[in-house]
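Asker: what's the 3D shape of this:
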Amino acid sequence: MESKVCDIKKLMAEELQNGSNDLVTRDTGIAIRSRIEKELMNIKEGDILFIDFSRIGVMDYSCSDEIIAKLISRLIGLEYGDKYIVLAGVNSNQLENIEVALERKKLAAMGIDSDNSWRVIGKLNNYLAATLEFVMGKGEITTREFAESKKIGLNTSGTRLLNLYKKRFVARIENTTEEGGRQYVYKSLII
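Answerer: All right, here's what the predicted structure looks like:
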């Protein structure tokens, strides 16, 4: 699992050539999303694309919807393959519009702040949020380890971890057990 950073300010300079620090209008969102999609297609299966908004000022709702909500929707639909996105450097002005765009489509994304702390951007139901917090604290965990730690059934444990994986909040790696069976290890996207 490797990572690559996509600097939105750099993409804006190349694509828009207007010197702006702000992401406004749906047309701008379409152009920037298209460039991010090219970046996503150039990373390997299982890798993470950190989308860096730290050098951007304002991002309006239409850009948030066009860039973030559509990317996340397509990501969980596996249109880009088995890849991951983490939103980095999102400021409070951008956050409000991104959250509204994601919540309207019942989506959520992983975010990381400058101090390397993580957050859920958008809405994630309580049991998945609690499961994510546990995985992030451990770094990686198997279904059995999670079930034993939380004193829940293996099916419940597996369903929660699988749902986090499907929403692209954790990576899933297949391992072989000592007995020769297979098991999945669920890993944090942020180390």
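
Asker: For this structure, just list every one of the strands.
Answerer: Applying DSSP state E to the chain gives strands spanning 3-7, 48-52, 84-88, 108-112, 118-122, 140-142, 170-176, 182-188.

Asker: Parallel or antiparallel, list what pairs with the third one.
Answerer: Spelled out, that is strand 84-88. Looking at strand 84-88 with DSSP bridges, its partner strands are strand 48-52 (parallel), strand 108-112 (parallel).

Asker: Show me which of those has the highest average neighbour count.
Answerer: Ranked by mean neighbour count under mean count of other CB atoms under 10 Å, the strands paired with strand 84-88 are led by strand 108-112, which reaches a mean of 23. For every residue, glycine as well, the C-beta is placed using N, CA and C.

Asker: So what touches that one?
Answerer: 50, 68, 72, 84-88, 90, 98, 102, 118-124, 167-169, 189-190 (CB atoms under 8 Å, 6 or more residues apart in numbering).

Asker: ditto for stretch 37-44
Answerer: By CB under 8 Å, 6+ apart, stretch 37-44 touches 2, 4, 6, 49, 71, 74, 80, 83, 85.

Asker: residue contacts, the second one?
Answerer: When you say that, I think you mean residue 4. Contacts of residue 4 by CB under 8 Å, 6+ apart are 39, 43, 47-50.

Asker: Among those, which one lies nearest to residue 182?
Answerer: residue 47 (22.1 Å; CB to CB).

Asker: ok, that closest one touching residue 86?
Answerer: No: between residue 47 and residue 86 there is no contact, the gap being 11.2 Å when judged by CB atoms under 8 Å.

Asker: Between those two, tell me which one has more neighbours.
Answerer: Counting neighbours by other CB atoms under 10 Å for residue 47 and for residue 86 shows that residue 86 has the greater number, 21 against 17.

Asker: so who does the more buried one touch?
Answerer: Here residue 86 is in contact with 48-51, 109-112, 189-190 (criterion: CB under 8 Å, 6+ apart).

Asker: can you check residue 191 too?
Answerer: residue 139.

Asker: Now do the same for it: its pLDDT.
Answerer: Residue 191 carries a pLDDT score of 74 in this model.

Asker: Could you do residue 130 as well?
Answerer: With respect to pLDDT, residue 130 has a value of 94.

Asker: Can you tell me how far it is from residue 150?
Answerer: Going from residue 130 to residue 150 by CB to CB, to the nearest Å gives 9 Å.

Asker: do the same with residue 94
Answerer: 34 Å.

Asker: Same drill for those two, tell me which one is more crowded.
Answerer: Remark: of residue 94 and residue 150, residue 94 carries more neighbours, 24 against 14, as counted by other CB under 10 Å.
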